[in-house]
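S.K.: Need a 3D model of the following:
(2 chains)
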2 protein chains.
Amino acid sequence: MSIPAPPVPVFPPAPCTLTSVQGLEAAGVRAGIKASGNPDVALLVAAEPMRGVGLFTQNHFAAAPVRLSRRHLSASGGLVRAVVVNSGNANACTGAQGDADALEMCARVASALGCPVEQVLVCSTGVIGVKLPMEKVRAGIDQALAERSADEAAGRRFLSAIMTTDAFPKEAGARHGDATVAGVCKGAGMIQPDMATMLAFLATDYALPGAGLEEAVRRIAATSFNAVHVDTHTSTNDTFLVLSTQRHPAPEGWEARLEAVARRLAWLIARDGEGATKVTTIRVTGAGSDAVARAVATHVAASGLVRTALFGNDPNWGRFVSQVGNVRGLAAPQRLVCRLQGLEVFRAGEPTPFDRAAASQAMRAEDVSLELQLDEGDGQAVLMTSDLGYRYVEVNAEYTT
Amino acid sequence: MSIPAPPVPVFPPAPCTLTSVQGLEAAGVRAGIKASGNPDVALLVAAEPMRGVGLFTQNHFAAAPVRLSRRHLSASGGLVRAVVVNSGNANACTGAQGDADALEMCARVASALGCPVEQVLVCSTGVIGVKLPMEKVRAGIDQALAERSADEAAGRRFLSAIMTTDAFPKEAGARHGDATVAGVCKGAGMIQPDMATMLAFLATDYALPGAGLEEAVRRIAATSFNAVHVDTHTSTNDTFLVLSTQRHPAPEGWEARLEAVARRLAWLIARDGEGATKVTTIRVTGAGSDAVARAVATHVAASGLVRTALFGNDPNWGRFVSQVGNVRGLAAPQRLVCRLQGLEVFRAGEPTPFDRAAASQAMRAEDVSLELQLDEGDGQAVLMTSDLGYRYVEVNAEYTT
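M.R.: Numbering: from 1, shown residues only, chains lettered A, B, ... in the order given. Have a look, this model is predicted:
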């Protein structure tokens, strides 16, 4: 069966890309890892070692490149000269050979650049449990090393070479005078907090402080990539890298600038969501604690009934409310107020009369807002989620067979 | 868009139904609550008060009939003369009027039978947040009271009048000499532990012991209705009633006989699952505790990627294994073994070579087995889940609009 895919949304290109950051070169080449022949090896190289922070999947089956990059960041004290990425193969569940292959990818880049191997990070994304075709990977890395460039086009080739099931490229960024904050990411399914089948790279030429940087990156992730919920599944390969070439003094408010780019990237992931037609932002307020608020948001986002109602533009508040009712530890659920696109649909245990047709029409938007207002404290949470449509089933039921 | 529904499975009728239990009469009538005109008021009446135990939804927005039936069981000391049910309207989120309507349904039956009102229980299932059309309900109850009969056909009319989105009727039962254990239920979506949009009625003429009966019913639910996972959503109306007319001495092993019927009913709910094509039984063994085993099974069952792979007959072990990897608190996930239909597909961090085509073919079955064998203790769990196909989206995206 073939389902007509929803129209692919077209977003204007970001005003800058990774290579807009001073001191960065990039490449993206076709190494033949993907059967499709699409680009599948990407490389990012800095003229001097960058300051880097990485957040990685907590999955017990973390892939070889994840485990190696974690070690490299630790051994290098957060210095990063290059990042090499392949798509089409996750190098996960690949045993000792997988570890050796990840290390070889880093070593090949380090040798060409004349830097310590621990200053090279590696990411992989794609099918799990299949060993990397290393001959192709080696040739791809060599080609990427040879072709790397600081052109904008090279930055966009990097992006195209990290994509897998993405329906569209995901980039975001802003220029602030001479300085740049730019990011790219890939990810469409297997997305839930924390992280996703997601690779995200955020680069800047701001000179970021060493002290407290990891905590700042965690805060940024909390409101961006860790606030996206697609399908109750996290992956073996999720990686979020923040890299800085340290060229410009970082102003007050640098964290907010990085966060804005990260949030846009996360929104794009939710918007893709393998057949999604919109992004629904679930805002929970008034909970007993932030943790309870997050539990409410996650419960609602995880419900297949909620997500099909969003797909069908169905203002079916009964599904939203009954799912709130399943969260343990609510003190006063009877005071719940529920709003859909700003329209109150439920208050104090009963539906608020509203115009269903108008509400349904209002749900036909790129951005849908679902507010769940409790009245038992100051706890808050925000979660972005995809809707669940036919295309999600098609994409995922027919992936490997 | 209209998706061809998967073929509705045909199961042989159970060898008995509710009215096969000595002392029980039933009815099912068309009261006009449902726009479709299908039967929507059901009644079960015992000649003498039965011994009854009820388990109900834990949802904070438990419907009026749930709250009332809980009070009645408590006030009557577990004596039940009749159960009145309507489908097509859940009488949930209906405020004080909803409470009054539920009470009126019980009172009307009690008055006709000449029994205390607290000996009548009430269940509703259907749309949330709409007040009951009480004129129709009253007429339906009167008709059901007039038509009630101990015929087998009357038992089956009861069943047809409790159904909502069910694709097929769900009944199970066994005769043991002169005694009978019979059950019927409704439920297809909004199913996850604990309970479901599910009404289940299990009746027997065994004389069940008063002491320990509630604990026994909880044990029975744990391996049946609370071991079903469809869509990470529990409802406002779930009710599981066990009723006994106390005619025959209960033999050793009566609990297992009731459990067998409950498990079959739960399997039928998972099999329906709004477009499901099979039931997948997830068995987790060797976990650190039963709670961890249950967390593993629930995580795997909740994944959209897992459930679409099951729908697509895709032996995509990477999805099963990576989801196990997301459960916190595993001591030795690297020793996980995964089997699909008895076929080992993953062991010790790497895939076991297997014939994908043969595995996919083996997944085209009514019953699919997914075993996840850990090696860190004696904890076990079993969960039955539906697969996620196009039809689930269609049924649920286009429900109220």
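
S.K.: Which helix or strand in chain A has the lowest average pLDDT?
M.R.: Among the helical and strand segments of chain A, the one scoring lowest on mean pLDDT, DSSP states H and E is helix A:390-397, with a mean of 76.

S.K.: which stretches of the stretch 251-400 of chain A form helices?
M.R.: For the stretch 251-400 of chain A, applying DSSP state H, counting those that start in this stretch gives helices covering A:254-272, A:290-302, A:304-311, A:317-324, A:356-362, A:390-397.

S.K.: most tightly surrounded among the ones you listed?
M.R.: Counting by mean count of other Cβ atoms under 10 Å in any protein chain shown, helix A:304-311 has the highest mean neighbour count of these, with a mean of 28. Every residue, glycine included, has its C-beta placed from N, CA and C.

S.K.: just how off-centre is that helix within its chain?
M.R.: Put simply, helix A:304-311 sits 22 Å off its chain's centre (Cα atoms, centre = their mean, to the nearest Å).

S.K.: and what of stretch A:202-212?
M.R.: Centre-to-centre, stretch A:202-212 and its host chain are 20 Å apart (Cα atoms, centre = their mean).

S.K.: mind listing what's buried in that stretch?
M.R.: Using 16 or more other Cβ atoms under 10 Å in any protein chain shown as the test for burial, stretch A:202-212 gives A:Leu202, A:Ala203, A:Thr204, A:Asp205, A:Tyr206, A:Ala207, A:Leu208.

S.K.: Determine which two of those residues are furthest apart.
M.R.: Taking Cβ to Cβ as the measure, the buried residues of stretch A:202-212 span a maximum distance of 15.2 Å, between A:Leu202 and A:Ala207.

S.K.: Strands of the stretch 101-250 of chain A, start to end?
M.R.: A:120-127, A:170-176, A:179-186, A:199-207, A:228-229, A:239-249 (DSSP state E, counting those that start in this stretch).

S.K.: tell me which strands and helices the third one is in contact with?
M.R.: To tie it back to what came earlier, the one meant is strand A:179-186. Judged by 3 or more Cβ pairs under 8 Å, 6 or more residues apart in numbering or on different chains; DSSP states H and E, strand A:179-186 is in contact with helix A:152-162, strand A:170-176, strand A:199-207, helix A:254-272.

S.K.: A:Cys16 and A:Val242: what is the separation?
M.R.: Going from A:Cys16 to A:Val242 by Cβ to Cβ, to the nearest Å gives 16 Å.

S.K.: These two: which has the busier surroundings?
M.R.: Ranked by neighbour count (other Cβ atoms under 10 Å in any protein chain shown), A:Cys16 and A:Val242 place A:Val242 first, with 27 against 21.

S.K.: I'd assumed A:Leu258 was in contact with that one.
M.R.: Yes: if you go by Cβ atoms under 8 Å, A:Val242 and A:Leu258 touch, sitting 6.9 Å apart.

S.K.: so what's in contact with those two at the same time?
M.R.: Residues touching both A:Val242 and A:Leu258 (Cβ atoms under 8 Å, 6 or more residues apart in numbering or on different chains) are A:Leu202, A:Thr204, A:Ile220.

S.K.: okay, the second one: pLDDT?
M.R.: At A:Thr204, the pLDDT value in this model is 98.

S.K.: and B:Gly52, which of the strands of the stretch 101-250 of chain A is closest to it?
M.R.: Taking Cβ to Cβ, strand A:228-229 is the member of the strands of the stretch 101-250 of chain A nearest to B:Gly52, at 40.7 Å.

S.K.: what's the pLDDT at the closest residue to A:Gly273 other than its chain neighbours?
M.R.: Nearest residue to A:Gly273, sequence neighbours excluded (Cβ to Cβ, 6 or more residues apart in numbering or on different chains): A:Ser386, at 2.7 Å. At A:Ser386, the predicted lDDT confidence score is 89.

S.K.: residues in contact with A:Ser386?
M.R.: Contact analysis of A:Ser386 by Cβ under 8 Å, 6+ apart lists A:191, A:229-231, A:270-274, A:276, A:278-280, A:307, A:392.

S.K.: can you check A:Lys131 too?
M.R.: By Cβ under 8 Å, 6+ apart, the residues touching A:Lys131 are A:Asn91, A:Thr94, A:Gln97, A:Gly98, A:Asp101.

S.K.: swap the cut-off to 7 Å and go again
M.R.: Shown in contact with A:Lys131 (Cβ atoms under 7 Å, 6 or more residues apart in numbering or on different chains): A:Thr94, A:Gln97, A:Gly98.

S.K.: Next, give phi and psi for it.
M.R.: Per-residue torsions, A:Lys131: phi -70, psi 150 (degrees, to the nearest 10).

S.K.: just checking, what packs against the strand ranked longest in chain A?
M.R.: Using DSSP state E to define each element, chain A has its longest strand at strand A:41-56. In this structure, strand A:41-56 packs against strand A:24-29, helix A:64-75, strand A:79-89, helix A:134-147, helix A:152-162, helix A:213-223, strand A:239-249, with contacts taken as 3 or more Cβ pairs under 7 Å, 6 or more residues apart in numbering or on different chains; DSSP states H and E.

S.K.: Tell me how many other residues surround the residue nearest to A:Asp378 when sequence neighbours are not counted.
M.R.: In this structure, A:Asp378 finds its nearest non-sequential neighbour in A:Gly286, 7.4 Å apart by Cβ to Cβ, 6+ apart. A:Gly286 sits with 19 neighbouring residues when counted by other Cβ under 10 Å.

S.K.: What of A:Gly77?
M.R.: For A:Gly77, the number of neighbouring residues by other Cβ under 10 Å comes to 12.

S.K.: Surely A:His248 touches A:Asp205?
M.R.: Yes: when contacts are counted by Cβ atoms under 7 Å, A:His248 is listed as touching A:Asp205 (5.3 Å).

S.K.: Close to chain B: what parts of the stretch 201-350 of chain A are there?
M.R.: Within reach of chain B by Cβ under 7 Å from any Cβ of the partner chain, the stretch 201-350 of chain A has these residues: A:231-236, A:302-305, A:308-309, A:311-314, A:316, A:318, A:321-323, A:325-326, A:330, A:333, A:349-350.

S.K.: so where is the stretch 251-400 of chain A shaky, pLDDT-wise?
M.R.: A:398-400 (pLDDT under 70).

S.K.: which one of the strands of the stretch 101-250 of chain A has the lowest average pLDDT?
M.R.: strand A:228-229 (a mean of 82).

S.K.: Can you give the strand pairings for that one, parallel or anti for each?
M.R.: Strand A:228-229 has its sheet partners listed here by DSSP bridges as strand A:379-386 (parallel).

S.K.: From the contact counts, what lies against the least confident helix or strand of chain A?
M.R.: Applying 3+ Cβ pairs under 7 Å, 6+ apart, one finds that helix A:390-397 makes contact with helix B:304-311, helix B:390-397.

S.K.: Quick one: these as a markdown table, columns for distance to A:Glu344 too.
M.R.: Output for those, formatted as a markdown table (distance: least, Cβ to Cβ, whole Å):
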| stretch | distance to A:Glu344 |
| --- | --- |
| helix B:304-311 | 30 |
| helix B:390-397 | 23 |
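
S.K.: nearest to B:Gly28, of these?
M.R.: Within the helices and strands packed on helix A:390-397, the stretch nearest B:Gly28 is helix B:390-397; the backing value is 23.3 Å (Cβ to Cβ).

S.K.: quick one: that closest one to helix A:390-397, angle?
M.R.: Angle of helix B:390-397 versus helix A:390-397, following axes from the mean of the first three to the mean of the last three Cα atoms, to 10 degrees, is 150 degrees.

S.K.: For A:Asn38, grab the count of nearby residues.
M.R.: The number of residues packed near A:Asn38 is 15, by other Cβ under 10 Å.

S.K.: how much space between A:Cys123 and A:Asp205?
M.R.: Counting by Cβ to Cβ, the gap from A:Cys123 to A:Asp205 is 22 Å.

S.K.: next one: A:Ser369
M.R.: Distance of A:Ser369 to A:Asp205, computed by Cβ to Cβ: 35 Å.
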